[in-house]
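> My questions concern the predicted model and sequence given below.
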Amino acid sequence: MTTATATTMSPAQTQTPMLPRGPMLKRSPFHERLAALNLANAWEAWQGYTTASLFYDAEDEYFAIRTGASLYDVSPMLKYRIAGPEAEAVVDRLVSKRIDKLKPGRVTYAPWCDARGRVIEEGTIFRLSPTEFRINCAEHQLAWFSETAHGFDAQVEEVTEEIAGLALQGPTSKQVLADIGLAEAAALPFFGIGTFKGAGGYPVTVSRTGFTGDLGYELWVAPEHALPLWDALMARSDLHYLRPIGSRALDVARIEAGHILINVEFVGARHAIRPSQTRTPSGLGLDWAVDLAKPHFNGRRALIAEREAGGPKRRLVGLDVTGRKPATGAYLYHRGREVGQVTSATWSPITKRNIALATVEARYATEGTVLDAEIYYMKEVTQGKVDAAATIVPPRFYQPGHRRG
Amino acid sequence: MTTGNAKHYDAIVIGGGHNGLVAAALMGQIGKRTLLIEASAELGGMAVHAPAIGRLSETVVRALALDRHGLRFRTRSLATEILREGTSPLPLQPDDPAATRQAIHALSPADAEAWPHFQQRMARLAAGLAPFLERTPPRLRLDDWGERWELARLGFAVRRMGRADMRDLLRILPLNVADLAEEVFESDVLRGLLSFDAVLGNRMGARSPNTVFPLLMRHAGGAGCRPGTQAVAEGGTAALIDALRKAAASHGVEIRTDAPVARILVEDGRATGVELTDGGTIRAGTILSSAHAGTTLIDLVGPRHLDTDFTRAVRHARGAGVTAHLILNLSAPPAGGDPDTLATTRRVHAPSIQAVERAFDRAKYGELPEDPPFEVTVVNEGEGHARAHALIQYVPGDLKDGDWKTERDAFTKRLVARIEDLCPDLAGRVEGAHLATPADIAARHRAPGGHWHHLETGLDQAFMLRPVPGWAQYRTPIEGLFLCGASTHPGGWISGQPGLNGARAALAAEKASGKVKGEAA
């Protein structure tokens, strides 16, 4: 509507502050190709970038992730380089996992906390060399990372715009990579990373990581190599059922994989208005990513105190819900008392289960506990309500063996 | 790890300033084998820059029986002379209200009437604040009965002031001193004096917010002092340091000077000792640091042992000093005056609010003021020798143009000339001058910023917020490491209170952990 009006206006009038002078959202290095394929013309904003919600059919895109291969543009993801002689010490101070044990060419996943042990964010950490790391995340962290690096011989810089990223995920992804001359990258171990030269002759950094819980890789190139990489991959699309996917399909896959999402499962400690909305790693089911035995890291004292006090008051759990109505935003009751709420829910096509991630009072977080879910859904123009039984289960709903194969 | 003489100590106190000495003496008194280590060759720390004792805690004097260790007061009510251009100084004598009134009357009858009332008002309000200044700030944890009791006690202390005073306190506490001075007095010199007293030591102008609070702190009084005045020890501040040293020694405290600490040893979040710059390590279960909070935590402990939010708060605590110390060696005590009264009077040059504010403006931008306000005290050192100590307000540590290497001599000369100009009795007697800028003070006392209270003493860095919010109980995130210097509540002013409270906090923590261990056994 705005554009239609703008075309009839004189240049002077278009200068009014009410009318934007250019696109509000930046375009990713892959945008040209994505736009041509986005038959649904469905877009959304992600960290200042235009990003596809879906291309033609979210369900078909989902099945590409689970049965073929998928391409998801992860360029808008924020990327930080931490480099220098003491970069390792900085990252070790920052996150809850032992970074001195992380070898170059390896990736780890870890949360980072504030002094109260509240999760600021979590993300993957690439160790590119003994003295260079890259952290990928969803929210701006430059101030926090820089402050954490203060007093250390290390530099922190944001490199989001210097690197274009594509997530190549799905059972046939290994074959796709091999086809474009990256067979060596395809052979990377789970959570391995390396830089390779494919058929195109330009360097492609490949990490064996992803957000789908499936076999998959993330490919990182300089922006000028984005389109050649895309074209090389898509030239194989019909051979391996390789499809571009949008965020809707990805969200189903990530819930099946049990991956938490910031601003959905929790609010970052530095952004939360209400402290009650923040979580400790334990509360998010990330105990496995916290090494309290390692020397000091941000939040360690608070996390030890939490453990000594008997753990968090609320915990993140997986739910197996009866029926087929996704329990989106459902309240959870135990004998009529509200004890938690669903944060993410979906029908899981691959497991054929109605699944959800929820936060519940710690004493109900034990596996096998059955809670009552009050599910609201739209029944044309009125709201319908069903009661369903929700059984606490581990949140990793779908973990195919081939993802590590 | 331990080298050669592996002597074991219960406690190590870092820093041999007055607070470090107080903490060490108290630890020794309770029977702890205590070692005090001082980086420089001399004890006394920043106290050497202050001729008067601001707010020496009566509790410290009593607990350590400082009189038995030789502390004598020359006066407990330091008088003030307001220096005036081309005319005689205006004397304000706390011990002689009639004379003071008469002196001010010549200037302004209204101010002569207002002066004693204002002194009483400040004294009453300061008395209401006194419990806040002496006690360890609470942690605002209402689930703890001790904390509730403490809050109730503080609330009661304020309530006891009465409705009118409480209202008055709440109104003026966050105010700027210029507004208050203009409200109460009409003469420029009294307004200027008030402004000077409120800002001295801090990087604040007369019109900076919350400058009334530091003024009230001045009025809270010290050991036996008349409210609003300060004490001077017989023999100067050096004599206080000497008495503290003797008190510490009498309790078995071992003192080592010329022993700079390279780092505080931390193992699994617990302080276990110190490593000296010569490589030697000394172990102890309790470490008390009277050094600057930033020096202690960022330089000696190191960020890798601390949370980012904490180190950020410590790094950003305001503490850029703007007060320089000028020492003038005099060929002879000034003529005309009774030599005994010399050290019992300070002379203040702060002719008006505008003069104070104008000088502040220059310093704010890293420039040297044309005519900085100052305070001079002359000390007769006997045998015909005398010294003048001048505290020069609004001397920036970092200069915008040039540096101290090139500016020092000219600025020092300018200051000496101005002092001679305003104090004719000193003219021609100055044999030598030594200027310690905030940059010099920073380097000499390892206090980044060179602020003589370590950190500014505004309301936002006082009480529960000092040195940083959440850590006002002399504890640190490192178990067994305590702060006991001017960076902690209630700040500088040679009160000894941080040393006292810090030592008490260390002992309380030890007792609490002993109890836990005892229960577990």
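Everything's here; your move.

> Could you tell me the end-to-end distance of stretch A:207-224?
In stretch A:207-224, first residue to last residue: 20 Å (CA to CA, to the nearest Å).

> Extract the CA atoms of stretch A:377-385 and return them as PDB.
Output of stretch A:377-385 as PDB, limited to C-alpha atoms (Å, rounded to 0.1, in the frame of the first residue of the first chain):
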ATOM      1  CA  TYR A 377      -7.300 -23.700  19.000                       C
ATOM      2  CA  MET A 378      -9.100 -21.700  16.400                       C
ATOM      3  CA  LYS A 379     -12.300 -23.400  15.200                       C
ATOM      4  CA  GLU A 380     -13.000 -21.100  12.200                       C
ATOM      5  CA  VAL A 381     -13.900 -17.900  13.900                       C
ATOM      6  CA  THR A 382     -14.400 -19.200  17.400                       C
ATOM      7  CA  GLN A 383     -11.900 -20.600  19.900                       C
ATOM      8  CA  GLY A 384     -12.200 -24.300  20.700                       C
ATOM      9  CA  LYS A 385     -10.700 -26.000  23.700                       C
END
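
> What mean pLDDT does it get?
Average pLDDT, stretch A:377-385: 92.

> how much space between residue A:340 and chain B?
Separation of residue A:340 from chain B (CB to the nearest CB, to the nearest Å): 25 Å. The C-beta positions use only the backbone N, C-alpha and C, and glycine is treated the same way.

> ok, what's across the strand from that residue?
Counting by DSSP bridges, residue A:340 is bridged to residue A:332, residue A:360.

> okay, now residue A:241: neighbour count?
18 (other CB atoms under 10 Å in any protein chain shown).

> ok, now which ones touch it?
Residue A:241 is in contact with A:64, A:67-69, A:170, A:172, counting by CB atoms under 8 Å, 6 or more residues apart in numbering or on different chains.

> Kindly recompute the last result at 6 Å.
Counting by CB atoms under 6 Å, 6 or more residues apart in numbering or on different chains, residue A:241 touches A:64, A:68.

> how much space between it and residue A:229?
With distances taken as CB to CB, to the nearest Å, residue A:241 is found 19 Å from residue A:229.

> Likewise for residue A:260?
29 Å.

> do the same with residue A:183
Noted for residue A:183: a distance of 16 Å to residue A:229, by CB to CB.

> Which of those two has more residues huddled nearby?
Between residue A:183 and residue A:229, counted using other CB under 10 Å, residue A:229 has the larger neighbour count: 25 against 14.

> which SS class is the more buried one?
What DSSP: H, G, I helix; E, B strand; the rest coil gives for residue A:229 is helix.

> Next up, the contacts around the nearest residue to it once chain neighbours are set aside.
Computed as CB to CB, 6 or more residues apart in numbering or on different chains, the closest residue to residue A:229 that is not its neighbour in sequence is residue A:221, at 5.3 Å. Neighbour list for residue A:221: A:164, A:204, A:229 [criterion: CB under 6 Å, 6+ apart].

> The same query, at a cut-off of 10 Å, please.
By CB atoms under 10 Å, 6 or more residues apart in numbering or on different chains, the contact list for residue A:221 reads A:29, A:75, A:163-166, A:195, A:198, A:200, A:202-206, A:227-230.

> Can you flag which of those residues belong to helices?
Under the assignment DSSP state H, the contacts of residue A:221 contribute A:227-230 to helices.

> Can you pull out the low-pLDDT segments for chain B?
Scanning chain B for pLDDT under 70 picks out B:1-6, B:142, B:336-340, B:515-521.

> From the recorded domain assignment, give the ranges for it.
Per automatic domain parsing, the domain ranges recorded for chain B read B:7-73+B:234-318+B:456-513, B:95-226, B:323-396+B:398-436.

> What residues sit buried inside the one helix or strand residue B:408 maps to?
In the assignment (DSSP states H and E), residue B:408 maps to helix B:404-422. For helix B:404-422, a neighbour-count test (16 or more other CB atoms under 10 Å in any protein chain shown) marks B:404, B:411-412, B:415-416, B:418-420, B:422 as buried.

> do stretch A:375-387 as well
By neighbour count on 16+ other CB under 10 Å, the buried set for stretch A:375-387 is A:375, A:386.

> Stretch A:52-63 too?
For stretch A:52-63, by 16+ other CB under 10 Å, it's A:52-55, A:58, A:61-63.

> Can you tell me what sits against it?
Residues contacting stretch A:52-63 (CB under 10 Å, 6+ apart): A:28, A:30-31, A:34-35, A:37-44, A:46, A:64, A:68, A:70-73, A:170, A:212, A:241, A:243-253, A:256, A:346, A:348-350.

> What is the neighbour count of residue 347?
In the absence of a named chain, this looks at chain A. 17.

> ah, no, chain B please
By other CB under 10 Å, the residues close to residue B:347 number 23.

> just residue B:259 next, same as before
For residue B:259, the neighbour count with other CB under 10 Å is 20.

> ok, the closest residue to it other than its chain neighbours to chain A distance?
Excluding its sequence neighbours, the residue lying closest to residue B:259 (CB to CB, 6+ apart) is residue B:37, at 4.5 Å. According to CB to the nearest CB, residue B:37 stands 24 Å off from chain A.

> can I assume residue B:37 is in contact with residue B:262?
No. Between residue B:37 and residue B:262 there is no contact under CB atoms under 10 Å: 11.3 Å.

> Please say which of the two ends up with more neighbours.
Neighbours were counted for residue B:37 and for residue B:262 using other CB under 10 Å; residue B:37 has more, 22 against 15.

> show me the contacts for the more buried one.
Residue B:37 makes contacts with B:12-16, B:20, B:24, B:254-261, B:274, B:276, B:282, as judged by CB under 10 Å, 6+ apart.

> Narrow those residues to those in helices?
B:20, B:24.

> returning to what we had before: now do the shared contacts for residue B:37 and residue B:262.
What both residue B:37 and residue B:262 touch, as defined by CB under 10 Å, 6+ apart, is the set B:274, B:276.

> Run through the bridge partners of the residue nearest to residue A:229.
Under the criterion used here (DSSP bridges), residue A:221 is bridged to residue A:164.

> distance of it from residue A:204?
Distance, residue A:221 to residue A:204, using CB to CB: 5 Å.

> The residue of chain B found nearest chain A - nearest residue in space that isn't next to it in sequence?
As assessed by CB to the nearest CB, chain A sits closest to residue B:307 within chain B, at 3.6 Å. Excluding its sequence neighbours, the residue lying closest to residue B:307 (CB to CB, 6+ apart) is residue A:115, at 3.6 Å.

> cool, residue B:389 as well?
Closest to residue B:389 by CB to CB, 6+ apart is residue B:51, at 4.4 Å.

> what's the answer for residue A:132, then?
Sequence neighbours aside, residue A:83 is the residue nearest to residue A:132 in space, at 4.3 Å (criterion: CB to CB, 6+ apart).
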